[in-house]
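**Q** give me coordinates for this.
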Amino acid sequence: MNRRRIAVAALALLALSGCSSEKADKADKAEAKPTASRADGARQAVDSYISALNARSATDLIRIGGVKDEAWSRREAAKILAAKGGRGWKVSNLDIEHDMGPNTGSAHLSATDKAGKAMTDTFTVTRDKGTWHLMVFSGQPHPPGKTPASTAQPTSSS
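**A** Below you'll find the model as predicted:
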């Protein structure tokens with residue numbers, strides 16, 4: 001599962017880097033806020049994720065994931081909720097690092113459920129149009145006519 005998250009994060013970073021322009025750079029600088037504001041927004045997204053898990057809310061999970069409410073996202077949300085939902089999670093530790101720029105970073109979460117079972121996870125957090133999202137969905141279909149990037153080991157062509 002972690003390989004899938006890393007691959008999704010890498011694809012997101014590649015897509016973002018391919019869209020840069022002077023105008024986009026100016027917009028990013030204008031949108032950038034002080035570090036405390038970035039951490040607060042990303043922290044709120046993680047808190048919302050925990051609330052969505054505890055409430056078993058697929059709708060909230062989809063919103064926090066920043067994906068479209070479609071059949072594929074409903075199926076993936078159901079899987080996430082089946083594994084982690086409704087357990088009364090409480091955050092015991094949360095570290096957020098903006099190690100990939102002002103609009104992208106990493107969240108390292110430790111939580112405990114009401115039975116005392118621990119959960120740790122690492123997410124990529126991204127800000128899009130001022131709203132922070134967690135990269136918790138990995139099965140987003142690619143647009144028609146687009147070939148998804150491969151995570152397979154490269155082979156030599158000689």
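
**Q** who are the packing partners of the longest helix along the chain?
**A** The helix that spans the most residues within the chain, counting by DSSP state H, is helix 35-55. Identification of packing neighbours for helix 35-55 by 3 or more CB pairs under 8 Å, 6 or more residues apart in numbering; DSSP states H and E yields helix 58-65, helix 71-84, strand 90-97, strand 104-112, strand 118-128, strand 131-134. Glycine gets a C-beta too; all of them are placed from N, C-alpha and C.

**Q** redo the ones you listed as CSV? Include mean neighbour count, mean pLDDT and distance to S51.
**A** Listed next are the helices and strands packed on helix 35-55 as CSV, based on neighbours: other CB atoms under 10 Å; pLDDT from 0 to 100; distance: least, CB to CB, whole Å:
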stretch, mean neighbour count, mean pLDDT, distance to S51
helix 58-65, 20, 96, 7
helix 71-84, 15, 95, 12
strand 90-97, 14, 94, 10
strand 104-112, 18, 94, 12
strand 118-128, 17, 93, 15
strand 131-134, 20, 94, 12
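
**Q** of those, which is nearest P154?
**A** strand 118-128 (23.5 Å; CB to CB).
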